[in-house]
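Undergrad: structure, please.
(one chain, ligands or ions: 2)
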Amino acid sequence: MKITVVGTGYVGLVTGTCFAETGNEVTCVDIDVNKVAKLSAGQVTIYEPGLEKLFERNLKEERLFFTTSLEDGIRDAEVVFLALPTPPGADGAADLSFILKVADQLGKLMTDYKVIVDKSTVPVGTAEKVIAAIAQNCKTSFDVVSNPEFLREGVAVDDFMKPDRVVIGTNSERARKIMGELYAPFVRQGNPIIYMDEKSAELTKYAANSFLATKISFMNEIAVLCEKLGADVDMVRRGIGSDDRIGKRFLFPGIGYGGSCFPKDVQALVKSSEDVNYDFRILNAVMDVNEKQKLFLLPKIKAYFNDDLKGKHFALWGLAFKPNTDDIREAPALYIIDALVDAGATVTVFDPEAMENVRQIAGDKITYAEHQYTCLDKADALIIATEWSVFRTPDFNKISAALKYKAIFDGRNLFEVARMREMGYHYESVGRAAIV
Ligand SMILES: NC(=O)C1=CN([C@@H]2O[C@H](COP(=O)(O)OP(=O)(O)OC[C@H]3O[C@@H](n4cnc5c(N)ncnc54)[C@H](O)[C@@H]3O)[C@@H](O)[C@H]2O)C=CC1
Ligand SMILES: O=C(O)[C@H]1O[C@H](OP(=O)(O)OP(=O)(O)OC[C@H]2O[C@@H](n3ccc(=O)[nH]c3=O)[C@H](O)[C@@H]2O)[C@H](O)[C@@H](O)[C@@H]1O
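TA: Ligands and ions are numbered 1, 2, ... in the order given. Coordinates of the predicted model:
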């Protein structure tokens, strides 16, 4: 099938590449001229494990194309995916201007029937708005389908190629058939295509992200309680996660959730609720807990340095909002850096993939280390913000030799408390006994 993907960011590029991988001819459209030039020249523009191999193969075998021209991009396409930004507006509602602008352009350009797919995360009722925007000028028939994406960054290719489920929101038999054919290679017995109406599909996406964010904030509150009661959150996590009604995943406490979606999608669902006079109390609490959790380590760090961080120098391992991605959107590390600098401290950072993205926004406010151990030079203490696997079994001899104080503040509970005690570290983490 010939398809188009409009927007070649994290979702669009993975979507386009994976649909090419199942034999479709895919044209990706983006307004970012540099991005399109790099992609056309064979350079992948995001860090996603496993993407480069698929990308290169499909580019070489001429199933994957890139253009800045929407008109060229949609020509002869049966399906057009919109994988455009839906950032939070000033009031927290999802900003649909990117989507509706392209919908308007499509209405003017389309010359034959197409299925237009909302792949982006959009508020309930957006499909109707997209239909209206296209219909204003469109001379042909078309359908609009809601097909929310559930991939996680860092495992995006795997998540797309082996989805737990595919959600298709449409009342059009014609569109349903086309989408069923397109997704057939991705679904098997255990992970079906779930067909529903557009509004339910739109809400499913927000409900999924919001529930996952709720699990995280719940465990972060349990972690705070563990510290006050002298319990161990790792034990509690294992104790409750063994109940398959709760499940083992998304129960890891830390310094809060970041990324481009949980923060914006929880906020957008709260806003959508307010718009229909509903006060979504749980989600307001989820957001409040998460905001506070980002700086969970700061009081511990300040207490260790007698509430005076002026002139102190910190090594910070981890910048990306989570491991295996270069994405720093809403990364807790950025909030920690700001708090340390505001308190008069200096910071040297290291991250396996996200350094350039941080350098673009933080510039020379901080310093950047080429290696995780040179990051420790002249540091008073080490702070860990992202659980990259390369940080999980470090050379503690190098750490203790480099740090002025044998102090580690671990926002992702990487190390065993007992072991840190044995090695004589001052070790503080989230929801577990502090080693002082
Ligand atoms: N990043 C993720 O892990 C996931 C994101 N989503 C949703 O997918 C949507 C896209 O997210 P990302 O891919 O992360 O965004 P992104 O910001 O990485 O990519 C968006 C792309 O759209 C392009 N663009 C903007 N205006 C355009 C236009 N008029 N024509 C063509 N291209 C245009 C931008 O240049 C950019 O390359 C959002 O609604 C997001 O909530 C859903 C699931 C996962
Ligand atoms: O809509 C989206 O963009 C995507 O958002 C999340 O995926 P993602 O944000 O890429 O990353 P996650 O692995 O979900 O982690 C999100 C945040 O939660 C944090 N987290 C995750 C799990 C956990 O147990 N504890 C925890 O603090 C991570 O550190 C990270 O900051 C969802 O998991 C995807 O299903 C969804 O498609």
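Undergrad: check whether the stretch of helix or strand Asn209 belongs to comes near ligand 1.
TA: Per DSSP states H and E: Asn209 is located in helix 198-229. No: under the criterion of CB under 6 Å from any ligand atom, ligand 1 is not reached by helix 198-229; the shortest gap measures 7.4 Å. All C-beta spots, glycine's among them, are computed from the backbone N, C-alpha and C.
Undergrad: quick one: buried residues of that helix?
TA: Along helix 198-229, the positions that meet the burial threshold by neighbour count (16 or more other CB atoms under 10 Å) are 198-199, 201-206, 208-210, 212-224, 226-227.
Undergrad: swap in stretch 369-383?
TA: Within stretch 369-383, the residues scored as buried using 16+ other CB under 10 Å are Ala369, Gln372, Tyr373, Cys375, Leu376, Ala379, Asp380, Ala381, Leu382, Ile383.
Undergrad: so which of those belong to strands?
TA: The strands, defined by DSSP state E, take in Ala381, Leu382, Ile383 from the buried residues of stretch 369-383.
Undergrad: what's the closest of the residues you listed to Asp76?
TA: Ile383 (53.3 Å; CB to CB).
Undergrad: which one is Lys108 nearest to, not counting chain neighbours?
TA: Beyond its immediate neighbours in the sequence, the residue positioned closest to Lys108 (CB to CB, 6 or more residues apart in numbering) is Asn137, lying 4.7 Å away.
Undergrad: how close does that neighbour get to ligand 2?
TA: In this structure, Asn137 and ligand 2 are 31 Å apart, going by CB to the nearest ligand atom, to the nearest Å.
Undergrad: next: Ala135.
TA: 28 Å.
Undergrad: got a list of what the closest residue in space to that residue that isn't next to it in sequence touches?
TA: Distance criterion CB to CB, 6+ apart; nearest residue to Ala135, sequence neighbours excluded, is Gly107 at 6.6 Å. With contacts defined as CB atoms under 8 Å, 6 or more residues apart in numbering, Gly107 is in contact with Ala133, Ile134, Ala135, Gln136, Asn137, Cys138.
Undergrad: please apply the same query to Glu227.
TA: Gly431, Arg432, Ala434.
Undergrad: at 10 Å what do you get?
TA: For Glu227, the contacting residues are Val233, Phe296, Lys300, Glu428, Ser429, Val430, Gly431, Arg432, Ala433, Ala434, by CB atoms under 10 Å, 6 or more residues apart in numbering.
Undergrad: among those residues, which are in strands?
TA: Among those, DSSP E puts Glu428 in strands.
Undergrad: narrow the contacts of Glu227 to those in helices?
TA: Judged by DSSP state H, the subset of these located in helices is Val233, Lys300.
Undergrad: correct me, but Lys398 touches Gln372?
TA: Yes: the pair Lys398 and Gln372 passes the contact test of CB atoms under 10 Å, sitting 9.1 Å apart.
Undergrad: quickly check: the helix or strand containing Ile408 near ligand 2 or not.
TA: Under the criterion of DSSP H and E, Ile408 resides in strand 407-410. No: Strand 407-410 is not in contact with ligand 2 by CB under 6 Å from any ligand atom; minimum separation 13.4 Å.
Undergrad: one more: stretch 251-258?
TA: Yes: contact between stretch 251-258 and ligand 2 is present through Leu251, Phe252, Gly254, Tyr257, Gly258 (criterion: CB under 6 Å from any ligand atom).
Undergrad: for the residue in the chain positioned nearest to ligand 2, which non-adjacent residue is spatially closest?
TA: Here the chain gets closest to ligand 2 at one residue, Cys261, 2.9 Å apart by CB to the nearest ligand atom. The spatial neighbour of Cys261 that comes closest, neighbours along the chain excluded (CB to CB, 6+ apart), is Asn209 at 6.0 Å.
Undergrad: and what of Glu221?
TA: Closest residue to Glu221 apart from its sequence neighbours, by CB to CB, 6+ apart: Val289 at 5.7 Å.
Undergrad: ok, now which ones touch the one you found?
TA: Ala213, Thr214, Ile216, Ser217, Phe218, Met219, Asn220, Glu221, Val224, Gly256.
Undergrad: three-state assignment of the last one?
TA: The one in question is Gly256. Reducing the assignment at Gly256 to three states with DSSP: H, G, I helix; E, B strand; the rest coil gives coil.
Undergrad: pLDDT wise, what is it at?
TA: Predicted confidence (pLDDT) at Gly256: the value is 98.
Undergrad: how many other residues sit next to it?
TA: Neighbours of Gly256 under the rule other CB atoms under 10 Å: 26.
Undergrad: so it sits against Lys294, correct?
TA: Yes: Gly256 sits in contact with Lys294 when judged by CB under 10 Å, with a separation of 4.6 Å.
Undergrad: sorry, back to before: now the residue of the chain closest to ligand 2: how far from Ile383?
TA: Distance of Cys261 to Ile383, given as CB to CB, to the nearest Å: 25 Å.
Undergrad: likewise for Lys60?
TA: Distance of Lys60 to Ile383, computed by CB to CB: 43 Å.
Undergrad: what parts of the stretch 151-300 of the chain come near ligand 1?
TA: Leu151, Glu153, Ser260, Cys261.
Undergrad: in CSV: those, plus secondary structure.
TA: Written out in CSV, the entries for those read as follows (three-state DSSP):
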residue, secondary structure
Leu151, coil
Glu153, coil
Ser260, coil
Cys261, coil
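Undergrad: which two among those residues are spaced furthest apart?
TA: Set against one another by CB to CB, those have their most distant pair in Leu151 and Ser260, with a gap of 12.2 Å.
Undergrad: common neighbours of those two, please.
TA: For the pair Leu151 and Ser260, residues contacting each of them under the criterion CB under 10 Å, 6+ apart are Tyr10, Val11.
Undergrad: surely Lys215 is in contact with Asn290?
TA: No: applying CB under 10 Å, one finds Lys215 not in contact with Asn290, separated by 11.8 Å.
Undergrad: just to revisit the earlier point, which parts of the strand holding Ile408 are buried?
TA: Residues of strand 407-410 classed as buried under the neighbour-count rule (16+ other CB under 10 Å) are Ala407, Ile408, Phe409, Asp410.
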